[in-house]
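Trainee: Sequence unavailable; structure follows:
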């Protein structure tokens, strides 16, 4: 049961990462008429890097889950065939 709680917290953190990137990009795009500030560009780069890391973690988790489900399916089919 603890694992589900941790997964929910991670999902909330990932949602927060998406929101951070969205807000940072909106700020950058909202200032179209003003000269591009290097700090804003660095913020966007940092937020996108964090988001990329979060997405990679999610992909790895999904891959692990898929492999585990396949193993369970094989085990169940083996049990049913005997």
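Mentor: That came through fine. This is a predicted model, so every value here is computed, not measured. Numbers count the residues shown, from 1 in each chain.

Trainee: For residue 78, see how far away residue 23 is.
Mentor: Distance of residue 23 to residue 78, computed by Cβ to Cβ, to the nearest Å: 51 Å. (C-beta placed from N, C-alpha, C; glycine too.)

Trainee: Which residue of these two possesses the greater neighbour count?
Mentor: Neighbours per residue, other Cβ atoms under 10 Å: of residue 23 and residue 78, the larger number sits with residue 23, 12 against 9.

Trainee: Please read off the pLDDT at that one from the model.
Mentor: Residue 23 carries a pLDDT value of 78.

Trainee: got any ranges where this structure has weak pLDDT?
Mentor: 1-15, 31-33, 36-37 (pLDDT under 70).

Trainee: Check which helices and strands the longest helix seen in it is in contact with.
Mentor: Longest helix in the chain, counting residues (DSSP state H): helix 38-81. When contacts are defined as 3 or more Cβ pairs under 8 Å, 6 or more residues apart in numbering; DSSP states H and E, helix 38-81 sits against helix 2-30.

Trainee: Count the neighbours of residue 40 for me.
Mentor: Using other Cβ under 10 Å, residue 40 is surrounded by 16 other residues.

Trainee: Am I right that it is in contact with residue 27?
Mentor: Yes - the criterion here is Cβ atoms under 8 Å, and residue 40 meets it with residue 27 at 6.5 Å.

Trainee: Any buried residues in stretch 17-35, and which?
Mentor: Neighbour counts over stretch 17-35 (16 or more other Cβ atoms under 10 Å) mark 17, 20, 21, 24 as buried.

Trainee: Closest one to residue 55 out of those residues, please.
Mentor: residue 17 (8.6 Å; Cβ to Cβ).

Trainee: In contact with that closest one: list those residues for me.
Mentor: Counting by Cβ atoms under 8 Å, 6 or more residues apart in numbering, residue 17 touches 47, 50, 51, 54.
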